[in-house]
Structures are given as C-alpha cells and as structure tokens.
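> What follows is a predicted protein model with its sequence.
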There are 2 protein chains.
Amino acid sequence: MSTQKPLTLKKVAEILNVSTATISNAFNRPDQLSARLREKLLAECERLGYHGPNIAARSLRKGESGVIAVLLTDSLAYHFTDPVANQFLQGISEVLEKNGKQLLMLSGAHGDAPSTGIEALPDGFIIYGSQDHNPLFERIIKQGKPIITVDFDVPGFASVNIDNYEAAYKIAEHVLEQSVSRVAILGLRLIHSDRVCRITHGELYDESEAVSRRRLNGYIDALKDHQLDVTPDLIWHVPVNTHEAAVQAAREALMISPRPDAILCMTDKIAIGVMAAAKELNIKIPEDLKLVGFDDIPESSLVTPALTSVHQHLKQKGERAATRLLNGALTDKEILDVKLVIRNSSCL
Amino acid sequence: MSTQKPLTLKKVAEILNVSTATISNAFNRPDQLSARLREKLLAECERLGYHGPNIAARSLRKGESGVIAVLLTDSLAYHFTDPVANQFLQGISEVLEKNGKQLLMLSGAHGDAPSTGIEALPDGFIIYGSQDHNPLFERIIKQGKPIITVDFDVPGFASVNIDNYEAAYKIAEHVLEQSVSRVAILGLRLIHSDRVCRITHGELYDESEAVSRRRLNGYIDALKDHQLDVTPDLIWHVPVNTHEAAVQAAREALMISPRPDAILCMTDKIAIGVMAAAKELNIKIPEDLKLVGFDDIPESSLVTPALTSVHQHLKQKGERAATRLLNGALTDKEILDVKLVIRNSSCL
DNA sequence: TTTATTGGCTTAACCCTTTTAGATTAGGGC
DNA sequence: GCCCTAATCTAAAAGGGTTAAGCCAATAAA
C-alpha cells in the first residue's frame, strides 16, 4: 500500500529541470511548448507517477473544476428509485462523460447540513424541477454561473421542458372519448402537504410553473371542454411518487360512491398503484375503470394491463440539458415533443 | 441576475474589521472565539451574502473536501438504468446526506478522458465492483485515502460483500430439487468479450474474486453434487446486463437440442430476458422450464410468473459501505446475509 | 547588416483558505 | 500599580497551480 505523499507539479518540475509553467503548459496548453518537449515531459510525468495537476489547486486558481452539478428536487436517495429521474440522469451522464466532465449530484432536500459550500465547486448547474424556497438554489443563482433549468422555468434562465399542459389535455381527451362520466385525478404534489388528501376549492386553480399544476390545468380544461364537472372532491393530492402513497390514494378514490369510471394519474407510478388497489377491490381495468399515467416508464409496458401514458423522451431531455449547458447555449427555452402511447389500460 | 463576483473571506474580514483567521474560525472552530462574537460575525456574513469559505481553497489547504466518491464498474449511464446499482446507491446517498457529505460518482469506464485529476478531490472512496486494470482505480489506491470495496475484495482493504458462492449454490440446489436434468447457465461478464457466446473448456474454472465467478462456482459445485455433468456448452457469457443481450443469449440457449429444462441466471434482468425469449418460442415457465435469477430486483415480483431469486439487501449494502467509510471502520471484511426467495418461475 | 518577429521557456504574482506561532488585551491577585 | 494567566486576535506562511509578462535566441523581413 504505497501511501507516499503525492507528487506536486513543483517537485516534478524540479526533478525534470524545467519551470513549473512548462509542466503546467504541457498538461493544459499544448501550443505553449514544442510537441517534442511536451511528449517527453508527459512521458516522464507518467513514469514518475504524477497524474496531472491537483484539482483543488487548479480549481482555486482557474475558478473552474470540470464538475457539473445537477440540483435535484428531493433527496438523492429518492432520485435513485425514481425511473423518470433515472433516465434523465442517464442522458446527462452520457453527455458529461463524453466531454470529460464529472457529475455531482446535489440533493434538493434542504434543511439538512448548513451548507458545505459545495455549490462553489461546479462550473455549471442543471436544475431539475421546481425549487421553491430552496436556499441552495438561491445561492447557486447568486454565483452567476451557467444554469439550465429542466421541467420548470425561471424568467431569464434557459430551460428544457415539455408542454405539460398540452400533453395532459391530450391524454385526458383520449380517456374522455371512451364514454366515461366520472373522472378522478390523482395528482403528484399538488399542494404542500405530507398526507394523501383531496384538495379544496381554493386549491383548484393555480397558474404556477410547477409540472403538477401544468398537468392539472390540462386535465381540467379537457374535462370542461367535454362538459364534465370539475370538482375538487375528485382530485387527490399524492405527496410523494411512491407505490404506497399511490395505493393509499387509489383506495380512497375507488371507495367513494358513485365510483369513478376513469382515473387520470399524474405519473405512471401512481397509475400502477391504482392497478394494485383495483385488484384488491376486484375492479377490472379497463372494463370498469379506464386508467392512464404519465411519463411512460419502462415498467408501464410490462404491467398487465399495459398502461396508457404520455411518453417523454427522458434521456433526450437529459442529453439536451447537458449539451446546451456545456455549449453555453443558454438563451432560449426548449420544448421537447411527447407522444401519447395508447395501451390496454384505457380502452377495450 | 446578480452576477457579482463572490465575496472572499479576506474581503469580509476587512469589511467587518477583524482578521481573516477570526472569520475562518467562526466557520470552522467555534472554540477559538467567544460565542458572542461568533454569532455576530456569522450573522454579518449572512447579511453580506458570504456563505462560507470557498471550497476549492479550503480543500487545497485542508486536504479534504467533504466529498465522497463511488467508483462504479461501468459508465454512469449504465448504473442509472441498473436497478441493483440503484438501490445500492440509494443506501449510500442516504447515509452521506445525513452526514453532510456530497456524493461524486466516478465512471469506471476507462479509456475516455485522460484523467481530469478528479480523484484528488474526494476524502474517501467506495469502490463498487471489481476493477481489473482500471488506471483510475490504481491512482485512487496510490493516494492512500480511506477506501472500502463492495462486491469484491482486495487484500488489505475493507469490504462489504455477500457470499456469492454460497447463495448461488443454494439457489441452484433449489432448482435441482425440481427434478430437472439439463441445466443451462447464463452468466454475466464471465469472460472479456463484447459478444454473447458460450465459454470454452479453458474458461470453465477461475478462482478470481469477481462476483460472476463466485456465483458460477457455486452453480457448478451444486450441479456436480447432484451428479449432473458440467459442460461449457451449456454456459453462456452475457457481456452486459441489458434486456437485449439477455434475450439474445436466451434464444441461443433455448434453441439447442435437447433443450435445457432449467436455466440459472446470474441476474434477474437476464432471467427476465429469458422469459421474453421463452414467450416467443412458446415455452412455458415453470412447466417446461425452471428459471431463477439473482439479486431480487423489484421487477422480479411483478413479472408473470414471478421470478425466484436470491434477495440481497442492496440498500443496506450501500448504507454499510458508507457508514463504515465515514467511521473509519476500515479493517474487516463484512458479509451480509442473503435470502432465497422462491416464487413461481422455478416450481409448480 | 539591422530590425522585427516568432518560438520556447522562465519568472513571479495571484487564487482563497487554514493554521501555527506570536502579539495583544482584559481581568485577577498581590 | 505590577505581574501573570487566560482569552482573543493577528501576521504570515503554506497549500499546488495557472498565466500574464518578460527574456533570449533564432529566424524572417527590410
């Protein structure tokens, strides 16, 4: 276990009998020295076991680190379980990897540690999802470094997004064409509550940029355009995108009387929770209940019946965000296409 | 967009009319100044918009950064898709989050960028999976920083692992009790090839510490102990843990004659690929084919028929690795329990 | 031949903190 | 009023690199 203290650029320069600047240039600016010398030096460094400049020192001096951060909405742990986030992160990491950048994942769940100051390290930020009152987000913005937001918009910042309103409207319309008459909505994080509950009249309308609200507005407008009443007692708030929360909300929704004959779910995971609850209650999908999700996660095509959903190009979303961040293409707000995927859960 | 140049400790000290050391101490060593002064200073810093020492400078000076790295086996992108890695990373991130540490994910796919030197930043490393000839791994070791390995062992380093041999032996034994006579094995990454193929005689035995080899040895010994021949032409090498590769290998395995009546898969994902191939070929599971996986990913209990597998406490594995790394409990090699989960894919 | 350019390297200032060793101040005991 | 201790605070030296500016010799232009 060779725990020798690592070589420094200075020491290497001394050993090789050139200036520190020359070693530094050999690593960073090939045009500053002859190719012959450069190659010789790099080979010597390799031989000596010097693998390039210390990142902390370089970062201090240059003001950049080669690290790109993703600021998530929730805890890291959550995002590892969420298939939507997964695909998105996959897209990001592929691009970063190709460009020799490292990925730092920052938890959006605040209130924890009193700032490690880590936000000073990355050269750029991908902000994933609305960040109401997140102090870390505020600090990131103040730094003035490149930022791109995803799945929400902040005036003055570039973004990658989909048209959630439009997509929600379309999938709702599809359901409404199946001659349904009582449509419930299971929304993810509609309000700031930790519990599954129905929303109130006052919480029905909200023009915020949050994904959940854009989708809800799409559903509501589609319902209205098809002459269906929209009442808050058919709209559930699901606080987290987990199977358990979904099942709980679904049980409630399926036990009211008269029972809904269609449920619009804001995520596929919630819809899959509804399937579980329906099975318990012996309700047949799609015969007794039309069901749709949103996002089209891989699992949705595997469950029985296969789930109708809105397919997002999640990986591409990540790729676009990372690519634009690295290219400095940070002016406009990009809208990606989505696709309605009709499967068996919504029609016979 | 307040893009003002960030404040430095020095400037803040000047403004507040104290020395830089005092500001530094206010943030780092509360015992070095009176509580009264400290609170006043911190409040002032907040007011001025100084959110603590620059991390690069601190990191340079202290030689620590508050960042923990996970060195993965493959590309980052891959690990976002893999449910096994997902749960493991979830465990890690929960612990790190609680301890105010940041998580840096390092891609194990080498040959890419010529070292960004990022390995100098983290304070400790979780090495996830065997790292044959990975130059980054070599460099990490040379640094002499805290390291814990997971799913493989390196002499002299602490580890968290399961007994892959034992688990594989047990699940194979379960299958062999179902009166089967021709057992194929679909192994993940048995050899260094990019293509799905059968292994050769010479590749049958290998005492390496790699997960795949430990499992293979378990299968083989179980077969032998049940008086079944072990021939390499019933053992497939699957180069990556993807559905496509699994389906391809499964097709090959199911088309030989006489056809196997049982398949031992080294991962659940591979087993699910076998299910797809079996469906294509109209082979019934478990009637015509007993099938088992390994790891027990969430999907395995959802597919039809539900998949028999070896359940690992993946999240716990991550938690243990992170906890021990942070505690400096880096002496022994820890073995976690596993559990055989028998479902419908392996018995009527 | 003289002057201007260029190529190839070196010098030295600077990046922002932490921390050791030393200086200052306040307060207590005589 | 003086000395000593304890409590605070300060000065200055790392820590490892990057890069603007400068130097020198060799080549090109006049």
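Right, received. Where do you want to start? Residues are numbered from 1 along each chain as shown, chains lettered A, B, ... in the order given.
> Near DNA strand C, which residues of chain A are found?
Applying CB under 7 Å from any atom of the strand, we find that chain A lies next to DNA strand C at A:18-22, A:25, A:32-34, A:37, A:57, A:60-61, A:63. Placement of C-beta: from N, CA and C, glycine included.
> Which ChimeraX command selects the buried ones in those?
Applying 16 or more other CB atoms under 10 Å in any protein chain shown to the residues of chain A next to DNA strand C, the buried members can be selected in ChimeraX as follows:
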select /A:18,22,25,33,57,60
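> Within reach of chain B, which of the residues of chain A next to DNA strand C are there?
Contacts with chain B within the residues of chain A next to DNA strand C, as defined by CB under 8 Å from any CB of the partner chain: A:57, A:60.
> Now intersect the residues of chain A next to DNA strand C with the helices, please.
Using DSSP state H, the subset of the residues of chain A next to DNA strand C located in helices is A:20, A:21, A:22, A:25, A:37, A:57, A:60, A:61.
> Can you add pLDDT and distance to residue A:152 and give those residues back as CSV?
Output for those, formatted as CSV (pLDDT from 0 to 100; distance: CB to CB, whole Å):
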residue, pLDDT, distance to residue A:152
A:20, 91, 46
A:21, 91, 45
A:22, 92, 48
A:25, 91, 43
A:37, 88, 51
A:57, 89, 36
A:60, 87, 33
A:61, 89, 35
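> and those as TSV, adding distance to DNA strand D?
Shown next, in TSV, are these (distance: CB to the nearest atom of the strand, whole Å):
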residue	distance to DNA strand D
A:20	4
A:21	3
A:22	8
A:25	5
A:37	14
A:57	3
A:60	5
A:61	4
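> Which two among those are spaced furthest apart?
A:37 and A:60 (27.0 Å; CB to CB).
> Could you single out the nearest of the ones in helices among the residues of chain A next to DNA strand C to chain B?
residue A:60 (4.1 Å; CB to the nearest CB).
> shouldn't the closest one be in contact with residue B:54?
Yes - in this structure, residue A:60 is within contact of residue B:54 by CB atoms under 8 Å, at 7.3 Å.
> interface residues of chain A facing DNA strand D?
A:8-10, A:20-21, A:24-25, A:27-29, A:53-54, A:57-58, A:60-62.
> mind listing the strands for the stretch 101-250 of chain A?
A:102-106, A:124-128, A:147-150, A:158-162, A:183-188, A:197-198, A:235-238 (DSSP state E, counting those that start in this stretch).
> Quick one: closest of the ones you listed to residue A:205.
Ranking these by their distance to residue A:205 (criterion: CB to CB) puts strand A:235-238 first, at 11.4 Å.
> The closest one pairs with which strands, parallel or anti?
strand A:183-188 (parallel), strand A:197-198 (antiparallel) (DSSP bridges).
> Between those, which one is closest to residue B:298.
Smallest distance to residue B:298 across those (CB to CB): 19.4 Å, for strand A:183-188.
> what about the closest one, average pLDDT?
Averaged over strand A:183-188, pLDDT sits at 97.
> Contacts for it, please.
By CB atoms under 8 Å, 6 or more residues apart in numbering or on different chains, the list of residues contacting strand A:183-188 from outside reads A:172, A:175-176, A:199, A:212, A:215-216, A:219, A:223, A:228, A:234-238, A:240-241, A:246, A:249-250, A:253, A:260-267, A:270-271, A:274.
> so where's chain A uncertain?
Along chain A, the model assigns pLDDT under 70 to residues A:1-5, A:110-116.
> ranking the strands paired with strand A:235-238 by burial, who's on top?
Of all the strands paired with strand A:235-238, strand A:183-188 has the most neighbours on average by mean count of other CB atoms under 10 Å in any protein chain shown, namely a mean of 25.
> for stretch A:92-100, which positions count as buried?
For stretch A:92-100, by 16+ other CB under 10 Å, it's A:92, A:93, A:94, A:95, A:96, A:97.
> Near residue A:274, how many other residues are there?
By other CB atoms under 10 Å in any protein chain shown, 29 other residues sit near residue A:274.
> surely it meets residue A:243?
No - at 10.5 Å, residue A:274 does not count as touching residue A:243 under the criterion of CB under 8 Å.
> Show the residue spans covered by the helices in the stretch 101-250 of chain A.
With DSSP state H, counting those that start in this stretch as the criterion, the stretch 101-250 of chain A has helices at A:135-143, A:164-176, A:211-225, A:243-255.
> tell me how far the ends of stretch A:159-166 are from each other?
18 Å (CA to CA, to the nearest Å).
> got the contact list for it?
The contact list for stretch A:159-166 (CB under 8 Å, 6+ apart) reads A:148-153, A:211, A:214-215, A:217-218, A:221, A:312, A:317, A:320-321, A:324, A:333-338.
> which one of the strands of the stretch 101-250 of chain A lies closest to residue A:289?
Nearest to residue A:289, of all the strands of the stretch 101-250 of chain A, is strand A:183-188, at 9.5 Å by CB to CB.
> now the closest one against helix A:243-255, angle please.
Relative orientation of strand A:183-188 and helix A:243-255, computed by axes from the mean of the first three to the mean of the last three CA atoms, to 10 degrees: 160 degrees.
> Run through who's touching stretch A:131-150.
A:71, A:73, A:88, A:106, A:108, A:110, A:115, A:119-120, A:122-129, A:152, A:157-161, A:317-318, A:321, A:324-325, A:328, A:330, B:1-4, B:6, B:49, B:51.
> Quick check: buried residues in that stretch?
By neighbour count on 16+ other CB under 10 Å, the buried set for stretch A:131-150 is A:131, A:134, A:136-137, A:139-143, A:145-150.
> Show me which pair in those is furthest apart.
Taking CB to CB as the measure, the buried residues of stretch A:131-150 span a maximum distance of 20.1 Å, between A:142 and A:150.
> buried residues in stretch A:216-235?
Within stretch A:216-235, the residues that count as buried by 16+ other CB under 10 Å are A:216-223, A:228, A:230, A:232, A:234-235.
> CA atoms of that stretch as CSV?
Taking C-alpha atoms only, stretch A:216-235 is exported to CSV below (Å, rounded to 0.1, in the frame of the first residue of the first chain):
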residue,chain,number,x,y,z
LEU,A,216,-53.6,19.5,-13.7
ASN,A,217,-54.7,22.5,-15.8
GLY,A,218,-54.6,20.4,-18.9
TYR,A,219,-56.8,17.7,-17.3
ILE,A,220,-59.2,20.2,-16.0
ASP,A,221,-59.6,22.1,-19.3
ALA,A,222,-60.1,18.8,-21.2
LEU,A,223,-62.8,17.8,-18.7
LYS,A,224,-64.5,21.1,-19.0
ASP,A,225,-64.4,21.1,-22.8
HIS,A,226,-66.2,17.7,-22.7
GLN,A,227,-68.9,19.1,-20.5
LEU,A,228,-67.8,17.3,-17.3
ASP,A,229,-67.9,19.0,-13.9
VAL,A,230,-64.6,19.6,-12.3
THR,A,231,-64.9,19.3,-8.5
PRO,A,232,-62.0,19.2,-6.0
ASP,A,233,-63.5,16.2,-4.3
LEU,A,234,-62.5,14.1,-7.3
ILE,A,235,-58.9,15.4,-7.1
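> Kind regards, and thank you for your time.
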